[in-house]
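Asks: Need coordinates for the below:
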Amino acid sequence: MELKILEKRIENKTIELSSVALKRSDRLSIVEGGDRGKKKEIELNEEDFSKKVKADFQSLMDLIQRRRMIKSRIVLSNATTKVTIGGEEMTVADAIERKISLEKDSKVLLTITNQRRIGEFVVSKDNELMEANILKTINEKAEKMDTNKTKEFIELFRTTLISPIKEEEKRLEENLQEFSKEVDITLVESNNSTFIEID
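Replies: Numbers count the residues shown, from 1 in each chain. Presented below is the predicted three-dimensional model:
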């Protein structure tokens, strides 16, 4: 929670930081955002402006350093804290990385599933066409083949699908479903029960 607050404070302080001023005679102006910048007169002398800029900058750098320290402790905690997801024990860091890489695993699964389904469709159509052609040829030649011989002949020319990773596809799908279902809940529970010490 503190990390999100820090990130918002860093963002706001960065936007609000005025690091330069324009001086004309004894008046100071700061330049506000935009492409051309808009001058805004300020009620500070040069010395006070310099002190304020340095203090604002140091405050911003302190926030960034605190964020780095917290992030470092979180990374360390994530590298050592164990969780169990889908019956597999792993570190929180591994779970986070695996969650990020789920998209790649999903693409692999989608690719092989689509290829198998298209293959099954093509096999079905090829076999229907082949069987129809054989039966048509037999009928045209007015040859009578016994049913067993016709079946043997059809089997001889039957197209089959070779899918050597069908079991892996099934396991990948099951693992993805189980991991996706459990990962968010497990990580939230781990985050809620893990405390990090900050100096």
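Asks: Show me the domain layout of the chain.
Replies: Per automatic domain parsing, the structural domains of the chain span 2-80, 90-193.
Asks: Now mean neighbour count and mean pLDDT too, for these, in CSV please.
Replies: For every residue, glycine as well, the C-beta is placed using N, CA and C. Converted to CSV, the domains of the chain look like this (neighbours: other CB atoms under 10 Å; pLDDT from 0 to 100):
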stretch, mean neighbour count, mean pLDDT
domain 2-80, 13, 84
domain 90-193, 13, 88
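Asks: any idea how far residue 135 lies from residue 4?
Replies: In this structure, residue 135 and residue 4 are separated by 70 Å, where distance is defined by CB to CB, to the nearest Å.
Asks: ditto for residue 190
Replies: To residue 4, residue 190 is 17 Å away according to CB to CB.
Asks: before we move on, which element is residue 9 in?
Replies: Assigned by DSSP states H and E, residue 9 belongs to helix 2-16.
Asks: Render the CA-only coordinates of that helix in PDB, please.
Replies: Taking C-alpha atoms only, helix 2-16 is exported to PDB below (Å, rounded to 0.1, in the frame of the first residue of the first chain):
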ATOM      1  CA  GLU A   2       2.800   2.400   0.900                       C
ATOM      2  CA  LEU A   3       4.400   1.700  -2.400                       C
ATOM      3  CA  LYS A   4       1.400   2.900  -4.400                       C
ATOM      4  CA  ILE A   5       1.200   6.000  -2.200                       C
ATOM      5  CA  LEU A   6       4.900   6.700  -2.800                       C
ATOM      6  CA  GLU A   7       4.500   6.300  -6.500                       C
ATOM      7  CA  LYS A   8       1.700   8.800  -6.600                       C
ATOM      8  CA  ARG A   9       3.600  11.200  -4.500                       C
ATOM      9  CA  ILE A  10       6.700  10.900  -6.700                       C
ATOM     10  CA  GLU A  11       4.600  11.400  -9.800                       C
ATOM     11  CA  ASN A  12       2.900  14.500  -8.300                       C
ATOM     12  CA  LYS A  13       6.200  16.000  -6.900                       C
ATOM     13  CA  THR A  14       7.900  15.500 -10.300                       C
ATOM     14  CA  ILE A  15       5.100  17.300 -12.100                       C
ATOM     15  CA  GLU A  16       5.100  20.100  -9.500                       C
END
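Asks: For it, enumerate the helices and strands it packs against.
Replies: Applying 3 or more CB pairs under 8 Å, 6 or more residues apart in numbering; DSSP states H and E, we find helix 2-16 packed against helix 46-80.
Asks: and the angle from the helix it packs on to helix 2-16?
Replies: In terms of direction (axes from the mean of the first three to the mean of the last three CA atoms, to 10 degrees), helix 46-80 departs from helix 2-16 by 150 degrees.
Asks: Quick one: distance of helix 46-80 to the chain centre.
Replies: Relative to its parent chain, helix 46-80 has a centroid offset of 28 Å by CA atoms, centre = their mean, to the nearest Å.
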